[in-house]
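[1] Generate coordinates for the sequence data below:
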Amino acid sequence: MPKNKKPAGGRPAKNFEPHAGPKAGRPSRPAASKPGSKSAGHRGYRPEEAAAPKRRWDAAERAERAASRDDRAPRTDRDERPRFNRDDRAPRTGRPAYGDRPAYGNRDDRAPRQDRGDRPSYAGRDDRAPRQDRGDRPFRPAGDRDERPRFNRDDRAPRRFDRDDRAPRQDRGDRGDRPSYGADRGERSSSFYPDKSKAARFEAQEDVVLEKLEAVMTTASEAVDSSFADLGLGDNICRQLAGMGAVSPFPIQVATIPDVLAKRDVLGRGKTGSGKTIAFGAPIVERLMENEGGKNRKMGRAPRALILAPTRELAMQIDRTVQPIARSVGLFTTTIYGGVPQARQVGALQRGVDIIIATPGRLEDLVQQRRIDLRNITITVLDEADHMCDLGFLEPVQRILRQTDPEGQRLLFSATLDKGVAAIVDEFLVDPAVHEVAGEDQASSTIDHRVLVIEHRDKMEVIRQLTERDGKTLVFSRTRAYAEQLADDLDDSNIPATSLHGDLNQARRTRNLQMLTSGRVDVLVATDVAARGIHIDDIDLVIQADAPDEYKTYLHRAGRTGRAGRHGVVVTLITKPRMRRTQDLLERADIEAEMIMVRPGDELISQIARGEA
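    This is a model prediction of the structure:
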């Protein structure tokens, strides 16, 4: 029977205990009634009974009690009690009295002690045999030892070194027949332990200027009378570019768009902000529309174009430029990068896209998961190709390119295109057209470079004086912790600032960047994660709180200002011990800048902040 079922017949359960009786093992409640509420206004109020006061005796009662004590028996005298007399005790038996016991004080009955005079005396030892006199021995001089026998080694048996009479040694064969355990031993194959000789090792690389690839120069005068329609782009794309503010093409666009439309492999080199994104984005869209390519609208269609970028920020920036151009003709794009859940990216691939803008890491993950097929990729673009090689993406990029169409078209664009990408060029590009915009030196540039030599303790005050201005400012730091510290210090000084670095997730990085573009903050403190690909047109001052170590980093930091022909200023803060190293870096970057000693409060700092210097 289940335990929770009542017994039949209405019998009470075994553990039933009525409220009236005491529970087993517990003391019963007192019989007194339980008091009610202690509040006088409550309906169940029961006043507690006060204890009766203690009754005390009066004088008459005390006298009566004293009289009643006289009838007690008188106290006996203690002198009548028998006393304890020790003389009445019986004599102690079993032991003799002290008078009968022998006294040890008188010991004359003992045997007389032996007289020591009878013992032989060792003081006089004349009864011993006389000691032999050593003077009876013959005298031998100390130096005369010829009479002693000498140890003659010639008397020994000759030692035999002829070991031919030994038993022959067991023949172990010629050592040439035995396996050698030297360096020529075969390698042991092991999938568990990696081979140390093949492991990648860190090697410090010097900041050297690599040999530039030979390029066809394009002058700015060649782009004066050109239009996008003259370069071969369609009407829809030209109208979209005009709506985006690109009315006429830049020199890098004039140089590269015809070759891209001609299906040639292209290497394009141009300074940051020169319009490289449109230089490859617009012709890619035009090429995908060829042969009625825009009519393929089925779900789950494989992508046909791939754009690789080194960072998430650059991938998002490229998408903001290419997506409107693709939508104008009915094509779709998507971005694939790490740091965010991949569900949304996989969903876009399942719906079908035409152009993918991706970073190498997340793209390889999706390829291994078989979420994407790269065999139909006919156009591949590597933006900032040299930077991807510097970040260690050379091998992932090579693996990705090997999975694309071998007969496809490859485009490489960067601000510093040199021999660092020679491995990619030699393997994947066939007779590439190399283009470079001529006349982009410091004399024709719109960026003013300044180097201020300060004391380290004055750095924060100088940065605060430079950022107290109207306009957007970008401050670069070397570490993430220093970026956060600078942003907090500026914010405490009533200068709206935020930070951008690798410790932030993608949502916060996008939000902080949007705060600068929308004008909610005036200062963005960032690490080199923002040095490439962040396109904010109205940044007119770049402050390098920590000087870079490579000339490429300097060029890409400086490229955040002076974009699209606007004027900008780059200020580098250094200390005295770093002057020579900074001068060498500027020479490698082909930049001339005067180094000026300043202190907080100098007028030169205020003039730079106002844009007057």
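[2] Could I get the average pLDDT for stretch 517-533?
    For stretch 517-533, the mean pLDDT works out to 82.
[3] Please renumber the chain so that the first residue is 166 from this point on.
    Got it, first residue is 166 now, which makes that one stretch 682-698.
[4] how about the CA coordinates for that stretch, as CSV?
    What follows is stretch 682-698 as a C-alpha-only set of coordinates in CSV (Å, rounded to 0.1, in the frame of the first residue of the first chain):
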residue,chain,number,x,y,z
THR,A,682,31.2,59.4,-36.2
SER,A,683,28.0,60.7,-34.7
GLY,A,684,29.7,63.4,-32.7
ARG,A,685,28.9,62.1,-29.2
VAL,A,686,32.6,62.1,-28.4
ASP,A,687,35.4,64.2,-29.9
VAL,A,688,38.4,62.0,-29.1
LEU,A,689,39.0,58.3,-29.9
VAL,A,690,42.0,56.7,-28.2
ALA,A,691,42.9,53.5,-30.1
THR,A,692,45.6,51.0,-30.6
ASP,A,693,46.9,49.9,-34.0
VAL,A,694,43.7,47.9,-34.5
ALA,A,695,42.3,51.2,-35.8
ALA,A,696,45.4,52.1,-38.0
ARG,A,697,44.0,50.4,-41.1
GLY,A,698,40.6,50.5,-42.6
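[5] Tell me where the stretch 516-665 of the chain has helices.
    525-533, 550-555, 559-568, 587-593, 624-632, 645-657 (DSSP state H, counting those that start in this stretch).
[6] counting contacts, what elements does the last one pack onto?
    So that's helix 645-657. Contacts defined by 3 or more C-beta pairs under 8 Å, 6 or more residues apart in numbering; DSSP states H and E place helix 645-657 against helix 624-632, strand 662-665, strand 688-691. Using the backbone N, CA and C atoms, a C-beta is placed for each residue, glycine as well.
[7] Out of those, which is the most enclosed?
    Highest mean neighbour count of those: strand 688-691, a mean of 28 (counted as mean count of other C-beta atoms under 10 Å).
[8] What strands line up against the helix or strand following that strand, and which way round?
    Where DSSP states H and E defines the elements, the next helix or strand beyond strand 688-691 is strand 704-709. Sheet pairing for strand 704-709, assigned by DSSP bridges, gives strand 637-641 (parallel), strand 733-739 (parallel).
[9] about what we covered before: tell me which of the helices of the stretch 516-665 of the chain sits nearest to Ile422.
    Between Ile422 and the helices of the stretch 516-665 of the chain, the shortest separation by C-beta to C-beta is 18.7 Å, and it involves helix 550-555.
[10] what's that closest one packed up against?
    helix 559-568, strand 574-579, helix 587-593, helix 716-723.
[11] So Ala550 sits against Arg575, correct?
    No. At 10.0 Å, Ala550 does not count as touching Arg575 under the criterion of C-beta atoms under 8 Å.
[12] These two: which has the busier surroundings?
    Shown here are Ala550 and Arg575; by other C-beta atoms under 10 Å, Ala550 has more neighbours (25 against 21).
[13] give me the number of residues near the residue nearest to Gln574 when sequence neighbours are not counted?
    Using C-beta to C-beta, 6 or more residues apart in numbering and skipping the chain neighbours, the partner closest in space to Gln574 is Ile544 (4.9 Å). By the measure other C-beta under 10 Å, the count of residues near Ile544 is 22.
[14] could the helices and strands packed on helix 645-657 go into a markdown table alongside distance to Leu539?
    Below are the helices and strands packed on helix 645-657 laid out as a markdown table (distance: least, C-beta to C-beta, whole Å):
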| stretch | distance to Leu539 |
| --- | --- |
| helix 624-632 | 46 |
| strand 662-665 | 31 |
| strand 688-691 | 33 |
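[15] Arg466: which of these is closest?
    Of all the helices and strands packed on helix 645-657, strand 662-665 comes closest under C-beta to C-beta, at 35.8 Å.
[16] counting contacts, what elements does the helix or strand that that closest one is followed by pack onto?
    Next helix or strand after strand 662-665 toward the C-terminus (DSSP H and E): helix 671-683. Where contact means 3+ C-beta pairs under 8 Å, 6+ apart, helix 671-683 is packed against helix 477-492, strand 662-665, strand 688-691.
[17] same thing but 6 Å
    Counting by 3 or more C-beta pairs under 6 Å, 6 or more residues apart in numbering; DSSP states H and E, the packing neighbours recorded for helix 671-683 are strand 662-665.
[18] How many residues are close by the residue lying closest to Leu669 once chain neighbours are set aside?
    Once flanking residues are discounted, Leu669 sits nearest to Asn677: 7.1 Å by C-beta to C-beta, 6+ apart. If you count neighbours by other C-beta under 10 Å, Asn677 ends up with 22.
[19] now do Phe393
    Phe393 has 26 neighbours, counted by other C-beta under 10 Å.
[20] That one touches Gln405, doesn't it?
    No. Phe393 is beyond contact range of Gln405, at 9.9 Å (criterion: C-beta atoms under 6 Å).
[21] any weak-confidence spans in the protein?
    Judged by pLDDT under 70, the chain has its weakly predicted residues at 166-203, 234-389, 436-438, 458-459, 580-585, 603-610, 695-699, 729-730, 778.
[22] Show me it divided up by domain.
    Partitioning the chain according to automatic domain parsing yields domains covering residues 381-602, 612-775.
[23] contacting residues for the closest residue to Ala474 other than its chain neighbours?
    Computed as C-beta to C-beta, 6+ apart, the closest residue to Ala474 that is not its neighbour in sequence is Ala480, at 4.2 Å. For Ala480, the contact set (C-beta atoms under 6 Å, 6 or more residues apart in numbering) comprises 474, 500, 502, 522, 524.
[24] one more time with 10 Å, if that's ok
    Contact analysis of Ala480 by C-beta atoms under 10 Å, 6 or more residues apart in numbering lists 472-474, 500-502, 521-524, 527, 548, 698.
[25] Could you do Val707 as well?
    Counting by C-beta under 10 Å, 6+ apart, Val707 makes contact with 612, 614, 638-641, 696, 722-727, 733-737.
[26] if you set the cut-off to 7 Å instead, what comes out?
    Each residue near Val707 by C-beta atoms under 7 Å, 6 or more residues apart in numbering is listed here: 639, 722-723, 725-726, 733, 735.
[27] So the residue nearest to Ala474 versus Ala652, what's the distance?
    Separation of Ala480 from Ala652 (C-beta to C-beta, to the nearest Å) stands at 24 Å.
[28] give me the number of residues near Ala225?
    8.
[29] Would you check how far apart it and Ala231 are?
    For Ala225, the distance to Ala231 (C-beta to C-beta) stands at 11 Å.
[30] Also Asp654?
    From Asp654 to Ala231 the distance is 96 Å (C-beta to C-beta).
[31] Between those two, tell me which one has more neighbours.
    Neighbour tally, Asp654 and Ala231, criterion other C-beta under 10 Å: the higher count belongs to Asp654, 15 against 9.
[32] Now do the contacts for that one.
    Shown in contact with Asp654 (C-beta under 7 Å, 6+ apart): Met625.
[33] Please enumerate the strands of the stretch 366-515 of the chain.
    Using DSSP state E, counting those that start in this stretch, the strands found in the stretch 366-515 of the chain span residues 381-383, 431-434, 470-473, 498-501.
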